[in-house]
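S.K.: Below are the sequence and a predicted model; questions follow.
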Amino acid sequence: MEDLKSIIRNIPDFPKKGILFKDITTLLADAKSFQRMVDLLSHRYIGEKIDKVVGVEARGFIIGAALAYKLGAGIVLVRKPGKLPSETFKKTYDLEYGTDTLEIHTDAIKKGERILIADDLLATGGTMGAVVDMVKELGGEIVDCCFMAELEFLEGKKKLPEGKCFSLLKF
């Protein structure tokens with residue numbers, strides 16, 4: 001995994017001073033690394049009978065779509081308000097300084113469907129915690145929450161269902 005980790009670029013003081021931003025675009029742009037990352041993540045879920053992969057705006061769309069393709073599942077998008085064209089279910093959640101809101105189509109997940117939630121990075125867990133709540137409220141059965149990378153020191157895993165979190169790369 002160190003070879004994949006080494007491709008991710010560190011950007012100091014982005015988006016604000018004191019933050020070391022993990023820029024995954026360098027991994028995504030490298031065809032062999034991107035393919036390897038998707039293969040490693042998807043291999044974990046082969047045979048799990050995933051009905052749908054939920055991708056979280058925006059980089060989670062990339063990871064989620066690739067996983068859905070590899071697993072023969074549908075892809076569901078969770079977006080910022082006003083971006084989805086049909087009836088939506090909204091969830092507002094707390095951030096470190098304020099709140100944010102996400103939406104999902106009300107008919108995107110059927111009761112009992114087996115759901116894999118995918119995003120690029122697990123940090124504080126606030127966004128993913130909100131997505132977990134949305135999927136449950138729509139009747140989905142969460143198989144796992146998966147991430148390309150995790151910032152372990154932020155302890156975001158604590159906001160997710162126990163035993164339902166996998167990160168390929170850990171920082």
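M.R.: Ah, there it is.
S.K.: Now do the residue of the chain most remote from its centre against residue 49, distance only.
M.R.: In the chain, the residue that sits farthest from the middle, by C-alpha atoms, centre = their mean, is residue 17; the gap is 25.3 Å. The gap separating residue 17 from residue 49 is 46 Å, by C-beta to C-beta, to the nearest Å. Where C-beta positions appear, they are placed from N, C-alpha and C, glycine not excepted.
S.K.: Also residue 32?
M.R.: Applying C-beta to C-beta, the value for residue 32 to residue 49 is 29 Å.
S.K.: next one: residue 4
M.R.: Residue 4 sits 27 Å away from residue 49, going by C-beta to C-beta.
S.K.: if you take the average position of this structure, which residue is closest to it?
M.R.: Nearest residue to the geometric centre of the chain (C-alpha atoms, centre = their mean): residue 119, 1.6 Å.
S.K.: Strands of this protein, residue ranges please.
M.R.: For the chain, the strands defined by DSSP state E cover 9-12, 20-23, 52-56, 74-78, 88-95, 98-105, 114-122, 141-150, 165-170.
S.K.: closest one to residue 65 among the ones you listed?
M.R.: Residue 65 sits nearest to strand 74-78 of all these, at 5.2 Å, using C-beta to C-beta.
S.K.: Please say which of residue 4 and residue 49 ends up with more neighbours.
M.R.: Neighbours per residue (other C-beta atoms under 10 Å) separate residue 4 from residue 49, with residue 4 holding more: 18 against 11.
S.K.: okay, the nearest residue to residue 111 once chain neighbours are set aside: pLDDT?
M.R.: Distances taken as C-beta to C-beta, 6 or more residues apart in numbering put residue 139 closest to residue 111, at 3.3 Å, once the chain neighbours are dropped. Looking at residue 139, its pLDDT reads 98.
S.K.: cool, and residue 94?
M.R.: On pLDDT, residue 94 comes in at 87.
S.K.: So what sits opposite it in the bridge?
M.R.: With DSSP bridges as the criterion, residue 94 is bridged to residue 99.
S.K.: My read is that it contacts residue 127, right?
M.R.: No - using C-beta atoms under 8 Å, residue 94 is not in contact with residue 127; the gap is 10.5 Å.
S.K.: Give me the more crowded residue out of those two.
M.R.: Comparing residue 94 with residue 127 by other C-beta under 10 Å, the one with more neighbours is residue 127, at 23 against 12.
S.K.: Just list the residues touching residue 25, thanks.
M.R.: Taking C-beta atoms under 8 Å, 6 or more residues apart in numbering, we find residue 25 in contact with residue 9.
S.K.: Return the backbone torsion pair for the residue farthest from the centre of the chain.
M.R.: With angles defined as degrees, to the nearest 10, residue 17 sits at phi -60, psi 140.
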